[in-house]
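Novice: After the sequence you'll find the predicted model.
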Amino acid sequence: MEKLGLACPFSFLAGKPQGSSCGILQLNYDCYLKIFSYLTTLEDLLNLGRAHPLLCDAVDHLLRMRCQKINVRMLKTISDWEFLLGLCGSEVIRCEIPHGHWDDGITYPFLNLLGRLCPNLRQVVVIFMHTVTPTTEDIPSSVMPLLLELPGLTNLTLIDAKANHLEQLQYFSKLEALDLDGIDHSLSVSAFETIFHNKDQLRSLMLNFGRGFRQTVQLLQVAKNCPRLNHITLENFDARIRDLGTFRNLQSLHLIFSRIAEINTDFYRSLVKQYSASLQRLHLTSVRVRVDQVHNFRSFCGLKSFDCNPYPVQSLDELCHLTSLECLALDCVEPFPNGSRQLLDILKECSNLKHLKLGSRWQMASEDCERLVGSYVNQSEDPSRTLLMSLVFVENPDIRAKLMNLVSDPNILRLSFGETTCDHCQADTYSKCDTIFT
């Protein structure tokens, strides 16, 4: 065992009488998996796999279940990466790469390995790390050309990319999803427009403008280059924008601000004019909607999902006109006595509604909550309809228990009190660094 380099992991066998002459290579396959489960570092597993082909097969089986998502920081050496990806590179579909100019020595050969050993890789997230030294920002980067060589890349996220990185996006013609988290304020107007050249396949676009919020007006030019785009997320954009542009296949729109902001009324009018019949999903996060703006939403006759935080609670009755709704998620900061009556009217008029979600800041007395739940259970007329009601604001265990006791048939109503989501209200942005620091 010492010759195999396994003395430490199997020291628990020392001094114990062995009932048979079975060697380490004759163990049951499940025994290998059990032993490997005690190896806490990825490097230990790889070194064990190098020891013998039989052990390599067991390591391969174990790692295939863990390697759909990888990041460059998981291993320290290119030789380890080459061995790992040689075993299960075909399982990799997503890769995250935090990169600064000091990482060139591993990032560049790592990207070459991805192109050679990961044929099913579809999504790459690059987190650009910058120093405070001005001269280092001017060093040319080869990351973008190497990304361009990945044969199956269709989903690209760039976080804190500089202008010279963004300018090279014009050559990525196979992208179906593009997420730019941070638009460099030094990016010229013409360079912003060229980002979207050769984007005939693009279906999903997420833009967090940040300091580059003045580029928002260029969205009008983007539309002509992205004919298949059906989803747009705009974050921290210029709230004074008056027109989104004409995206003829747009079905989903998500508008997000880091702090509460109010959008120009003309913007809502232009949305109604161009997308009243086609928009199916409208999510407004940290967008303050005024009472006089709410009437615009009733024109979206095909809307299946509406998520608004915060929503003017005194205008709840306007939502009864959205009869195609399947998911309604609302939050507000204003108290509204007897709000359950308006919510019950919405549930009655919107017969397709399958999920009602009231957020953490919703203000409703416990008696009103009981009236909402109890009345819906008693008045429900459609036996084929199961409603999921998420009352995130209800935190008191006693109130939760009392509400649960009102539900006699889970086929009519299911209650939840956490951040429960359905297919419509799942965040369209993912945790962009979900494997790097875990």
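Specialist: Everything's here; your move. Residues are numbered from 1 along each chain as shown.
Novice: Not counting residues beside it along the chain, what's closest to residue 396?
Specialist: Take residue 396 and drop its neighbours on the chain: the residue closest to it by C-beta to C-beta, 6 or more residues apart in numbering is residue 366, 7.7 Å away. C-beta coordinates here come from the backbone N, C-alpha and C atoms, glycine included.
Novice: Could you do residue 83 as well?
Specialist: Per C-beta to C-beta, 6+ apart, closest to residue 83 is residue 46, 5.6 Å.
Novice: buried ones in the helix or strand that contains that neighbour?
Specialist: Element membership of residue 46 [criterion: DSSP states H and E] is helix 42-51. For helix 42-51, the neighbour count (16 or more other C-beta atoms under 10 Å) marks 42, 45-49, 51 as buried.
Novice: in the helix or strand that comes right after it, what counts as buried?
Specialist: Proceeding C-terminally, helix 42-51 gives way to helix 53-64 as the next helix or strand, assigned by DSSP H and E. In terms of neighbour count (16+ other C-beta under 10 Å), helix 53-64 has its buried residues at 55-56, 58-59, 62-63.
Novice: same deal with stretch 202-216?
Specialist: 202-210, 212-213, 215-216.
Novice: How about stretch 403-416?
Specialist: Applying 16+ other C-beta under 10 Å to stretch 403-416 flags 403, 406-407, 412-413, 415-416 as buried.
Novice: now the strands: where do they sit in the stretch 251-400 of the chain?
Specialist: 252-261, 281-287, 305-309, 327-330, 355-358, 387-391 (DSSP state E, counting those that start in this stretch).
Novice: Redo those strands as a markdown table? Include distance to residue 68.
Specialist: Shown next, in a markdown table, are the strands of the stretch 251-400 of the chain (distance: least, C-beta to C-beta, whole Å):
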| stretch | distance to residue 68 |
| --- | --- |
| strand 252-261 | 25 |
| strand 281-287 | 27 |
| strand 305-309 | 28 |
| strand 327-330 | 28 |
| strand 355-358 | 28 |
| strand 387-391 | 29 |
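Novice: Present those strands as TSV; the columns should include distance to residue 193 and mean pLDDT.
Specialist: Output for those, formatted as TSV (distance: least, C-beta to C-beta, whole Å; pLDDT from 0 to 100):
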stretch	distance to residue 193	mean pLDDT
strand 252-261	21	94
strand 281-287	26	95
strand 305-309	30	95
strand 327-330	34	95
strand 355-358	38	95
strand 387-391	41	94
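Novice: Tell me which of those sits nearest to residue 96.
Specialist: With C-beta to C-beta as the measure, strand 252-261 is the member of those nearest residue 96 (21.7 Å).
Novice: Strand partners (parallel or antiparallel) of that closest one?
Specialist: Strand pairing for strand 252-261, using DSSP bridges, gives strand 231-235 (parallel), strand 281-287 (parallel).
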